[in-house]
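**Student:** No sequence on hand, only this structure:
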């Protein structure tokens, strides 16, 4: 047996009680919102067939998939030639399974395998960890949770509107008030490319525009020219970076610019319909202003995520006045399951970045007081007599639904108090010889230091009142 | 891209919405009970260093650990000699990480790494999947959840009593009534071995006795003799299989048999103390009889689990009148972290087998009515006009906290109704032209087929009343 000091793999984390409790708080709010909108939970195994994952994330992605070594004598079916061909070729011979890399491909695999049992539209959410062999760095882990919600099997733009609603409701319930839900449409981006004389080049344009925040308009200009976009096209493009006014005003300006392009028209029509849905739903995303004075939902023609996959509306969410990337994003796609030979499954989905949301809530001090989670009362004992006296009280408190502990040994008072302190237990009950005689127990409120003598019934009713 | 029909790895499972909801129901009851007793959640990464896991589960266990192939050119650091040595030796060269095999070793690793920050006694629970390369078969999976609770850093037998309480409370809250919590003690087993003249042979005796249910007394006799236990010892042992009477009576008989042995005395003393604690806690495990007329808590001297690890009390739980192995088990150990060079961390723990509990609840029809989970109301639309009319109602229902969906397209009535049916949605609201004129909507209760005309306010108050 190894006696060296144990460690955990780079890029992974242990979550102790205080952190699990906070993370579960986030998960439970996300879960509740998803379910309110009719999305139901799905869970897939951590391991997938390697063949299911390979080729779905590009060459770079393939390399970041964690592969699982076949059990037993994995070399048995290999030849010296297999080994001579090197690691990349050998993988297929010695590994058949791999760890989930995202939740989308397993979801697609599930839909294909269960196509005959599933009732469409199928609205599922999935909250599970994924694993990536990325180089670990601040805020980037090799094991992290994704929270996806997708509705597949319908083209209705009500789903897009409801995604805006779910984002708004989840973040509001988490206590966030100043955030922006950016929306754009693949058709708008294609229309822009066409309108400036670079039809079909929206891919190149988007990659460059995406860096606007980082490198500024001048930087983007250089990059666009470098990518073969003509100078006159760039001249026509630049005014779009700073389209201003309300969403309606921006839509009107776009109508003028994109009026002639079929893709632009498609984008505008879809966005109009999303807006109509949201208006009918009296959406706070339209009616609430964030601190900058803009509406929460913001049409942003420079928003350009995952172009190759998305085909309709795209979303991204930023918390304002916090140094943090987007905490949510998604969009509509045409072809979820084509990779497995099942065509025409369209849908729309989005996901929350739980690690980032955690950091934002932490920074803004938005986690609710821990008091309600974990043990509420610690009974302190001094000797066998007080322990025996405490046992029925312990049971009484628990029967009343109050999480309670009796310190399991007659340790020094200081040690027992420090246990309560470390575990953030709000109340301590001291049971000494006087207390046992009178039945009046000493109740100490740990935060204020206040002490009072009360019967067990009084203590129970006081603590229950606080909740 | 592969277009072949995708599959999932042998021994793994997808959990669709209906199953996730039921599993989460079990988890939430377990969680709530654990927290009521002061146990707090811990989560460790799915991947551990292979060196942390190797050598902890015996040779057979080592082979069942899923190893993760190093990323990148994993062959780069190997030599032809490494490969010539075969799979077993090559593993260390091409794999540094592995999947969690149980929750105990990661817990021990966590305690050692955080020994200076942890306040002892440390009471943690952990509900996470583990992975084993076992041959899959009915009821045995390669990915399955474990639910562990452990209290380390105290020798107090209050912890043992509280484990009995937690098992009793969890199973009771799950609706189970007829179950037996078997308890035994390592000292009793050692004392028995000594008393029959085979001191130190309790390991061999236990392996044989453990098969009593399967092969009967005659079979056990053969096995004992085969394992080198003398005939006179077996003669003395056999009456113990059928010790009868109440727990108190069995304890008294044991007192006579084991009176002279130090280990036997230790076991009896500990069990007495556990009983005292339970009596003071007015434990239902003592006061409730199961259908056979015995108390729920049953001293069983033939109970013998994981002897090499446990050192004090041991537990096992069986649901009576159901063909299913034990659904929970555990015990006290002396040395959780010795494997990592940190001595003297004793504790006691147990775990629930969630897959088995699931099957038992399913068989006994104890899952609560699904009605409360998932969508409560489906709004059915017939055309654009009824869709627009429905949108504010949708929002009103959701604002009232009622999970509601509007079918996202004006599909045929039959299709929308079958969607409600498949998703187990209890109420459907039909919005036709008449309904829009009068404001009286048609509310249909899906199970009974009952229909009535109601305003949205009446519908909301009726549905809220049901919960």
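**Tutor:** Perfect, I can see it now. Keep in mind it's a predicted model, so treat the numbers as computed, not measured.
**Student:** Would you mark the buried spots in stretch A:336-352?
**Tutor:** The neighbour-count check on stretch A:336-352 (16 or more other CB atoms under 10 Å in any protein chain shown) flags A:336-340, A:342, A:345-352 as buried. Placement of C-beta: from N, CA and C, glycine included.
**Student:** That should have said stretch A:204-213, apologies.
**Tutor:** Residues of stretch A:204-213 classed as buried by neighbour count (16+ other CB under 10 Å): A:204, A:205, A:206, A:208, A:209, A:210.
**Student:** Chain neighbours aside, what residue packs nearest to residue A:120?
**Tutor:** The shortest distance from residue A:120 to any non-neighbouring residue, by CB to CB, 6 or more residues apart in numbering or on different chains, is to residue A:153 (3.0 Å).
**Student:** What count of nearby residues applies to the one you found?
**Tutor:** Residues contacting residue A:153 under the criterion other CB atoms under 10 Å in any protein chain shown number 17.
**Student:** tell me the contacts of it?
**Tutor:** Counting by CB atoms under 8 Å, 6 or more residues apart in numbering or on different chains, residue A:153 touches A:120, A:121, A:122, A:345, A:346, A:347.
**Student:** Quick check: phi and psi at the second one.
**Tutor:** In other words, residue A:121. Main-chain torsions, residue A:121, degrees, to the nearest 10: phi -60, psi 140.
**Student:** Check the third one too.
**Tutor:** In terms of degrees, to the nearest 10, the main-chain angles of residue A:122 are phi -100, psi 120.
**Student:** what's in contact with stretch A:191-199?
**Tutor:** Contact with stretch A:191-199 is made by A:200-202, A:204-205, A:229-230, A:232-234, A:236-237, A:240, A:257-258, A:260-268, A:301, as judged by CB under 8 Å, 6+ apart.
**Student:** The same query, at a cut-off of 6 Å, please.
**Tutor:** A:201-202, A:205, A:229, A:233, A:236-237, A:257-258, A:261, A:263-264, A:267 (CB atoms under 6 Å, 6 or more residues apart in numbering or on different chains).
**Student:** What is the burial count for the residue in the stretch 101-250 of chain A that chain B sits nearest to?
**Tutor:** Nearest residue of the stretch 101-250 of chain A to chain B, counting by CB to the nearest CB: residue A:156, 3.5 Å away. For residue A:156, the neighbour count with other CB under 10 Å is 20.
**Student:** does it sit in a helix, a strand or a coil?
**Tutor:** When classified by DSSP: H, G, I helix; E, B strand; the rest coil, residue A:156 comes out as coil.
**Student:** tell me the contacts of it?
**Tutor:** Neighbours of residue A:156 in contact, by CB under 6 Å, 6+ apart: B:408, B:409.
**Student:** Quick check on it: phi, psi?
**Tutor:** Dihedral angles of residue A:156 (phi, psi; degrees, to the nearest 10) stand at phi -60, psi 130.
**Student:** just residue A:351 next, same as before
**Tutor:** phi -150, psi 160.
**Student:** From chain B, how far out is it?
**Tutor:** The spacing between residue A:351 and chain B, counted by CB to the nearest CB, to the nearest Å, is 18 Å.
**Student:** Next, the contact list for that residue, please.
**Tutor:** Contacts for residue A:351 were tallied using CB under 6 Å, 6+ apart; they are A:146, A:147, A:148.
**Student:** what about the stretch 101-250 of chain A, any weak spots by pLDDT?
**Tutor:** Across the stretch 101-250 of chain A, nothing is flagged by pLDDT under 70.
**Student:** So which residues of the stretch 151-300 of chain A form helices?
**Tutor:** Per DSSP state H, counting those that start in this stretch, the stretch 151-300 of chain A carries helices over the ranges A:158-173, A:186-195, A:202-209, A:212-226, A:231-241, A:247-258, A:262-280, A:284-287.
**Student:** Next, format those as CSV and append distance to residue B:225.
**Tutor:** Output for those, formatted as CSV (distance: least, CB to CB, whole Å):
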stretch, distance to residue B:225
helix A:158-173, 67
helix A:186-195, 78
helix A:202-209, 78
helix A:212-226, 80
helix A:231-241, 89
helix A:247-258, 87
helix A:262-280, 80
helix A:284-287, 78
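**Student:** Indicate which one of those is closest to residue A:310.
**Tutor:** Among those, the nearest to residue A:310 by CB to CB is helix A:186-195 (5.7 Å).
**Student:** Which element, helix or strand, includes residue A:125?
**Tutor:** strand A:122-131 (DSSP states H and E).
**Student:** Any residue of that strand touching chain B?
**Tutor:** No. For strand A:122-131, no contact with chain B is found by CB under 6 Å from any CB of the partner chain; the gap never falls below 6.6 Å.
**Student:** Please parse chain A into its domains.
**Tutor:** A:17-45+A:101-363, A:373-466 (automatic domain parsing).
**Student:** Tell me which of these is the most buried.
**Tutor:** Highest mean neighbour count among the domains of chain A (mean count of other CB atoms under 10 Å in any protein chain shown): domain A:17-45+A:101-363, with a mean of 19.
**Student:** about what we covered before: quick one: which of the contacts of residue A:153 is nearest residue A:40?
**Tutor:** Proximity of those to residue A:40 was ranked by CB to CB; the top entry is residue A:122 with 9.0 Å.
**Student:** State the mean pLDDT of stretch A:50-70.
**Tutor:** Here stretch A:50-70 scores 93 as its mean pLDDT.
**Student:** Going by neighbour count, which residues in it are buried?
**Tutor:** So stretch A:50-70, judged by 16+ other CB under 10 Å, has buried residues A:50, A:52-54, A:56-57, A:62, A:64-70.
**Student:** circling back to that earlier point, which pair in the buried residues of stretch A:336-352 has the greatest spatial separation?
**Tutor:** Counting by CB to CB, the most remote pair of those is A:342 and A:352, 27.2 Å apart.
**Student:** Dump the buried residues of stretch A:204-213 into CSV; add distance to chain B as well.
**Tutor:** Output for those, formatted as CSV (distance: CB to the nearest CB, whole Å):
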residue, distance to chain B
A:204, 24
A:205, 27
A:206, 24
A:208, 28
A:209, 29
A:210, 26
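**Student:** Of the contacts of residue A:153, which pair is most distant in space?
**Tutor:** A:122 and A:346 (11.7 Å).
**Student:** Tell me how far residue A:18 lies from chain B.
**Tutor:** Noted for residue A:18: a distance of 8 Å to chain B, by CB to the nearest CB.
**Student:** How about the secondary structure of that residue?
**Tutor:** From three-state DSSP, the assignment for residue A:18 is helix.
**Student:** what does the stretch 51-200 of chain A put close to chain B?
**Tutor:** Counting by CB under 6 Å from any CB, the stretch 51-200 of chain A comes close to chain B at A:51-52, A:55, A:66-69, A:71, A:73-75, A:83, A:87, A:95, A:97, A:109-110, A:112, A:119, A:133, A:143, A:154, A:156, A:158-159.
**Student:** got it, and the stretch 351-467 of chain A?
**Tutor:** Counting by CB under 6 Å from any CB, the residues of the stretch 351-467 of chain A near chain B are A:374, A:375, A:388, A:391, A:395, A:398, A:403, A:405, A:408, A:409, A:419, A:422.
**Student:** Tabulate the residues you listed (a markdown table), appending distance to residue B:176.
**Tutor:** Shown next, in a markdown table, are these (distance: CB to CB, whole Å):
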| residue | distance to residue B:176 |
| --- | --- |
| A:374 | 27 |
| A:375 | 26 |
| A:388 | 30 |
| A:391 | 25 |
| A:395 | 20 |
| A:398 | 19 |
| A:403 | 22 |
| A:405 | 25 |
| A:408 | 27 |
| A:409 | 32 |
| A:419 | 33 |
| A:422 | 35 |
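**Student:** Make TSV out of these and add pLDDT.
**Tutor:** Listed next are those as TSV, based on pLDDT from 0 to 100:
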residue	pLDDT
A:374	84
A:375	92
A:388	94
A:391	96
A:395	95
A:398	95
A:403	94
A:405	96
A:408	95
A:409	94
A:419	96
A:422	91
